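Q: Below are the sequence and a predicted model for it; my questions follow.
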Amino acid sequence: LEQTYSIMCNDRQAVSEMIGYIIEQGHRDIGIVTGLIDSIPYRERLMGYHQTLLKYGIPLNPAYIKIGDWEFESGRKMVKALMRESRPPTAIFAMNDLMAAGVIDGAVELGISVPEELSVVGFDNREFSRFYSPKLTTIAPPLYEIGVTAAEALFELTEGRVPRQPIKKLDCRLIKRETVWSIS
């Protein structure tokens, strides 16, 4: 069998840091809008969410997990479903910035102010996230480092050398902007 090599961001670590940050702001009711369930980022990000809730002693509420499709419209629809819960969340993590933008727009349609009444966070640090209103708190994957590390591994392989790590996960960075409020 040939070896498979992979260089990616550490989704689980990144989401754990993000959810920990939200919890430290006083939030205990945290909803999540996921991407499609057949992807590695979905699994890793959901595990980061779940493990961090456990770490802080917060029970997982299945009603707070809404399946999206990585698109803006699913974020807009899922925030409406989350806010209909008997105890709606005070914060929502969308698994990408596009869905997070949809969550913000859907909240505004419901008359809910972000961040004063609902904190919203995303993932990807897409170009628009710093220009959105309010500016989106998000996770920045190390895209440049992923490219350099992948190129180095490819270079090693073309020279007949085996890369030191067949699977390498690089840490992401939490970008704190304007969409998280403290309720502590």
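A: Cool, got the structure. Residues are numbered from 1 along each chain as shown.

Q: Am I right that K66 sits in a helix?
A: No - under DSSP: H, G, I helix; E, B strand; the rest coil, K66 falls outside any helix and is assigned strand.

Q: show me the contacts for it.
A: Neighbour list for K66: G31, I32, V33, T34, M78, A81, L82 [criterion: Cβ atoms under 8 Å, 6 or more residues apart in numbering]. All C-beta spots, glycine's among them, are computed from the backbone N, C-alpha and C.

Q: the strands in the protein, which residues?
A: 6-9, 30-34, 65-67, 91-94, 119-121, 138-140, 167-170, 173-175 (DSSP state E).

Q: For E73, which of those strands is the nearest?
A: strand 30-34 (11.3 Å; Cβ to Cβ).

Q: So which elements touch that closest one?
A: Packing partners of strand 30-34 (3 or more Cβ pairs under 8 Å, 6 or more residues apart in numbering; DSSP states H and E): helix 11-24, helix 40-55, strand 65-67, helix 72-83, strand 91-94, helix 97-109.

Q: Please identify the deepest-packed of these.
A: Among those, strand 91-94 has the highest mean neighbour count (mean count of other Cβ atoms under 10 Å), at a mean of 30.

Q: Distance-wise, check the residue nearest to G68 when sequence neighbours are not counted relative to L46.
A: Counting by Cβ to Cβ, 6 or more residues apart in numbering, S74 is the residue found nearest to G68 once chain neighbours are left out, at 3.5 Å. Distance, S74 to L46, by Cβ to Cβ, to the nearest Å: 15 Å.

Q: Sketch out the low-pLDDT regions of the chain for me.
A: Low-confidence segments of the chain (pLDDT under 70): 1-3, 184.

Q: Many thanks, have a good one.
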